[in-house]
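1. this is a predicted model, with the sequence first.
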Amino acid sequence: MADTGRFTAASALAAGAIPNLRISGRDTIKVALVGCGGRGTGAAVNALSVPDKDIQLVAVADVFEGKPARTATDLGRRFGDKVDVPAERQFVGFDGYRKAMDCLRPGDVIILATPPAFRWVHYTYAIEKGLNVFMEKPVTIDGPTCKKMLSLNEKAKAKNLKVGVGLMSRHNVGMQELKRRIDDGEIGDITFMRGYRMHGPAAFFRSVQKPDGISDLMYQIQRFHSFLWASGGNFSDFNIHIIDHLCWMKGKYPVMAMGNGGRHYREGNEGRYIDQNFDSYSVEYTFDDGTKLFFDGRCMTGADEQYQSFAHGTKGMAIVSKQGDCGLPSGTFSSHNVGKENLIWRSDVPRELVNPYQNEWNVLIDRIVNDVPHNEVESGVNTSLVTSMGRMSAHTGQPVTYEQILNGDHEFAPGVDGMTYDSPAPLQVDETGYYPVPMPGQKQMREY
Ligand SMILES: NC(=O)c1ccc[n+]([C@@H]2O[C@H](COP(=O)([O-])OP(=O)(O)OC[C@H]3O[C@@H](n4cnc5c(N)ncnc54)[C@H](O)[C@@H]3O)[C@@H](O)[C@H]2O)c1
């Protein structure tokens with residue numbers, strides 16, 4: 001593959017000048033992947049599918065043996081010589097991210113798609129290496145890490161790095177048009193919004209006791225949705241998209257959350273569930289102008305399923321996500337009743353733009369190639385923070401403000417940067433022999 005005349009500022013970099021990591025349109029952009037799971041592989045597919053660009057996957061890393069090789073083989077079958085990941089560039093281990101990034105040149109792109117506990121660690125090294133970044137959501141799961149990410153991000157901006165965050169609603173073209181219409185007053189001033197993610201148990205929402213043959217640490221990493229330190233639990237992992245796009249529609253972030261929640265079922269056919277998740281959450285978010293965002297989340301078999309979002313204004317309402325995290329079509333209505341007779345507008349997105357996961361990559365690569373500023377970390381951190389604010393309120397049984405969670409001192413996984421296979425798991429069983437779980441009202445200052 002052609003790889004000529006790469007970076008316009010290579011000599012300036014070598015001379016220690018302010019780096020300008022501009023890539024000319026003719027160059028191969030190399031990509032590496034950290035976290036060879038479902039989404040990481042999906043993001044690599046999107047990277048390699050950016051139209052009319054010479055993009056090559058050159059390295060992959062994971063903490064589980066076998067995963068890097070599987071991803072390299074699967075992607076190689078699909079993309080041919082756009083995938084150049086021989087065995088010596090398939091890395092296994094907690095330091096694999098460094099080795100994968102060491103295969104890249106400044107200005108190339110690293111995909112960070114592990115559970116979010118590791119995001120700041122991997123972002124730190126990416127910035128050090130001068131890499132452009134695509135990182136998955138959530139980007140943080142607690143207050144102290146939000147501050148750490150924001151401070152790190154200043155370094156990324158100073159280095160002119162382009163950083164995309166996988167909150168793909170913002171690249172949903174139908175929602176972008178809806179946002180313009182809401183800002184233009186089509187449904188009046190927003191007074192309240194509603195979001196629902198209620199379905200059966202999904203992903204690693206629940207876990208039984210660890211089987212033999214795997215350490216506690218690796219069990220918790222593997223089933224990260226079950227453990228708060230690794231992911232913020234199902235609340236953060238599942239609900240962040242709807243909370244994100246409703247805040248985007250409103251144009252601000254809430255200042256307070258009041259949440260409720262509980263776990264109805266801790267026993268099942270598989271045994272006793274030892275994870276830290278609630279199966280029902282209900283959060284009322286308040287904005288500084290007093291308007292509300294009501295969010296309901298549930299993982300329960302047999303209960304009614306609803307997975308969509310709405311915004312209500314003084315002149316009508318909008319379907320924001322028709323189905324799922326950001327499903328088309330969006331629409332506006334002249335009433336608070338959804339019905340054809342009240343329809344003002346329904347999104348109609350050209351086929352080549354319907355996939356927001358692809359759109360976010362097309363934009364990222366375009367901004368890299370044309371050296372246009374692009375950094376989604378601040379909104380990613382804010383969305384991650386207010387998602388955690390709702391979760392913390394439900395878990396503690398207390399109202400939680402934006403300032404409280406941002407300035408909180410509970411860092412869920414301190415020392416994650418030095419983690420090895422021999423490290424103790426950040427979550428240890430308590431005196432009952434089980435992992436600590438949230439106890440609203442009884443544990444008021446901490447989630448567990
Ligand atoms: N934007 C979206 O719609 C979307 C969809 C799914 C997942 N995600 C996000 O993507 C991330 C990954 O989710 P997933 O569904 O792909 O999970 P997954 O379990 O399929 O993949 C995660 C991979 O990361 C690996 N890993 C864990 N710790 C690591 C470390 N320290 N270094 C290297 N590799 C490590 C795991 O072994 C696993 O292979 C999560 O943050 C999740 O919230 C986003």
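-> Here it is on my side, so go on. Numbers count the residues shown, from 1 in each chain.

2. could you name the residue of this structure that is farthest from its center?
-> For the chain, the largest distance from the centre (CA atoms, centre = their mean) belongs to residue 341, which lies 37.2 Å off.

3. now that residue: phi and psi?
-> The phi/psi pair for residue 341 (degrees, to the nearest 10) reads phi -70, psi -20.

4. can I assume residue 283 sits in a strand?
-> Yes - counting by DSSP: H, G, I helix; E, B strand; the rest coil, residue 283 is part of a strand.

5. and it, what does it touch?
-> 257-260, 294-297, 390, 393-394 (CB atoms under 8 Å, 6 or more residues apart in numbering). Backbone N, C-alpha and C define where each C-beta goes, glycine included.

6. again, only using 6 Å
-> By CB atoms under 6 Å, 6 or more residues apart in numbering, the contact set of residue 283 is 257, 259, 295, 390.

7. report the backbone C-alpha coordinates of stretch 50-59 in PDB.
-> Taking Å, rounded to 0.1, in the frame of the first residue of the first chain, the C-alpha atoms of stretch 50-59 are listed here in PDB:
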ATOM      1  CA  VAL A  50     -14.300   5.100   5.400                       C
ATOM      2  CA  PRO A  51     -14.800   5.800   1.700                       C
ATOM      3  CA  ASP A  52     -12.000   6.900  -0.600                       C
ATOM      4  CA  LYS A  53      -9.300   6.800   2.100                       C
ATOM      5  CA  ASP A  54      -6.200   4.600   2.300                       C
ATOM      6  CA  ILE A  55      -6.600   3.200   5.800                       C
ATOM      7  CA  GLN A  56      -4.800   0.100   7.100                       C
ATOM      8  CA  LEU A  57      -5.100  -1.800  10.400                       C
ATOM      9  CA  VAL A  58      -1.600  -2.700  11.600                       C
ATOM     10  CA  ALA A  59      -1.800  -3.900  15.200                       C
END
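
8. mean confidence (pLDDT) on that stretch, please.
-> Across stretch 50-59, the average pLDDT comes to 96.

9. ok, now stretch 198-212?
-> Mean per-residue pLDDT for stretch 198-212: 95.

10. ditto for stretch 108-123
-> Here the average pLDDT along stretch 108-123 is 98.

11. what about it, near the ligand?
-> Yes - Stretch 108-123 comes into contact with the ligand (CB under 6 Å from any ligand atom), by way of 113-116, 118.

12. hmm, who's touching that stretch?
-> By CB under 6 Å, 6+ apart, the residues outside stretch 108-123 that reach it are 30-35, 39-40, 43, 97, 101, 126, 131-136, 138-139, 141, 145, 148-149, 152, 224, 229-231, 413, 416-417.

13. so where do the helices sit in the stretch 151-300 of the chain?
-> Under the criterion DSSP state H, counting those that start in this stretch, the stretch 151-300 of the chain contains helices at 173-183, 216-222, 228-231, 233-250.

14. what parts of the protein come near the ligand?
-> Counting by CB under 6 Å from any ligand atom, the chain sits next to the ligand at 34-40, 61-64, 67, 94, 96-97, 113-116, 118, 136-137, 166, 168, 221, 237, 325.

15. show the buried residues in these.
-> Listed as buried from those are 34-37, 40, 61-63, 67, 94, 96-97, 113-116, 118, 136-137, 166, 168, 221, 237, 325; burial here means 16 or more other CB atoms under 10 Å.

16. strands - which of these land there?
-> Counting by DSSP state E, the part of these found in strands is 34, 61-62.

17. can you redo these as JSON lines with distance to residue 191?
-> Output for these, formatted as JSON lines (distance: CB to CB, whole Å):
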{"residue": "34", "distance to residue 191": "43"}
{"residue": "61", "distance to residue 191": "47"}
{"residue": "62", "distance to residue 191": "46"}
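
18. return the member of those nearest to residue 363.
-> Nearest to residue 363 out of these is residue 34 (CB to CB; 21.1 Å).

19. and the closest one, what does it touch?
-> 61, 97, 100, 112, 122.

20. with adjacent residues omitted, what lies nearest to the residue of the chain found nearest the ligand?
-> The ligand sits closest to residue 37 of the chain, with a gap of 1.7 Å, by CB to the nearest ligand atom. The shortest distance from residue 37 to any non-neighbouring residue, by CB to CB, 6 or more residues apart in numbering, is to residue 113 (6.7 Å).

21. for residue 98, same thing?
-> Nearest residue to residue 98 in three dimensions, chain neighbours excluded: residue 125, at 5.9 Å (CB to CB, 6+ apart).

22. please identify the buried residues of the helix or strand containing that neighbour?
-> Using DSSP states H and E, residue 125 sits within helix 119-128. Neighbour counts over helix 119-128 (16+ other CB under 10 Å) mark 119-127 as buried.

23. ditto for stretch 339-355
-> By neighbour count on 16+ other CB under 10 Å, the buried set for stretch 339-355 is 346-347, 349, 355.

24. with stretch 63-80 instead?
-> Within stretch 63-80, the residues scored as buried using 16+ other CB under 10 Å are 63, 67-69, 71-72, 75-76, 79.

25. in helices, which of the residues you listed appear?
-> Cross-referencing the buried residues of stretch 63-80 against helices under DSSP state H gives 67-69, 71-72, 75-76, 79.

26. tell me how far residue 146 lies from residue 232.
-> Remark: distance between residue 146 and residue 232 (CB to CB, to the nearest Å) = 12 Å.

27. residue 245 now?
-> Where residue 232 is concerned, residue 245 sits at a distance of 18 Å (CB to CB).

28. residue 425: what's it in contact with?
-> Going by CB under 6 Å, 6+ apart, residue 425 touches 216-217, 220.

29. what about it, helix or strand, and which?
-> Using DSSP H and E, residue 425 falls within no helix or strand.

30. would TSV of the contacts of residue 425 with neighbour count be doable?
-> Shown next, in TSV, are the contacts of residue 425 (neighbours: other CB atoms under 10 Å):
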residue	neighbour count
216	15
217	20
220	27
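
31. now residue 119: closest residue in space, sequence neighbours ignored.
-> residue 139 (5.4 Å).

32. about what we covered before: I'd like the contacts of residue 425 laid out as CSV, including pLDDT.
-> Formatted as CSV, the contacts of residue 425 follow (pLDDT from 0 to 100):
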residue, pLDDT
216, 96
217, 98
220, 98
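
33. pick out whichever of those sits closest to residue 105.
-> Nearest to residue 105 among the contacts of residue 425: residue 217, at 33.1 Å, using CB to CB.

34. how near is that closest one to residue 229?
-> Taking CB to CB, one finds residue 217 at 11 Å from residue 229.

35. check the offset of stretch 69-83 from the chain's centre.
-> Distance of stretch 69-83 from the chain centroid (CA atoms, centre = their mean, to the nearest Å) equals 24 Å.

36. check the average confidence over that stretch, would you?
-> Taken as a whole, stretch 69-83 has a mean pLDDT of 98.
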